[in-house]
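Trainee: pasting the structure only:
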């Protein structure tokens, strides 16, 4: 599966497209539902 697709699996991390900050992906919580801890932007799925 691709790292940016919905349902990409439990591993990996979420990445902020605005400032580049990362946060661990939480099972059951899509990255796009998470806000960046540094700038508040919506996160995207990283590898």
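Mentor: Received the coordinates, thanks. These numbers were taken from a predicted model, which means no experiment stands behind them.
Trainee: what are the bridge partners for the most centrally placed residue in the chain, then?
Mentor: Among the residues of the chain, the one closest to the centroid is residue 14, at 2.2 Å (C-alpha atoms, centre = their mean). For residue 14, the beta-bridge partners are residue 23, residue 45 (DSSP bridges).
Trainee: low pLDDT regions in this structure?
Mentor: 1-10 (pLDDT under 70).
Trainee: OK, contacts around the closest residue to residue 11 other than its chain neighbours?
Mentor: Closest residue to residue 11 apart from its sequence neighbours, by C-beta to C-beta, 6 or more residues apart in numbering: residue 25 at 6.9 Å. No exception for glycine: its C-beta is placed from N, CA and C like everyone else's. Applying C-beta atoms under 8 Å, 6 or more residues apart in numbering to residue 25 gives the contacts 10, 11, 12, 13, 14, 31, 45.
Trainee: quick one, phi psi at residue 25?
Mentor: Here is the backbone geometry of residue 25 (degrees, to the nearest 10): phi -70, psi 130.
Trainee: Check residue 33 too.
Mentor: phi -90, psi -10.
Trainee: One more: the one 4 residues further on?
Mentor: When quoted as degrees, to the nearest 10, the phi and psi of residue 37 stand at phi -70, psi -20.
Trainee: when you give positions from now on, start the count at 122
Mentor: Yep, numbering from 122; the last one is residue 158 now.
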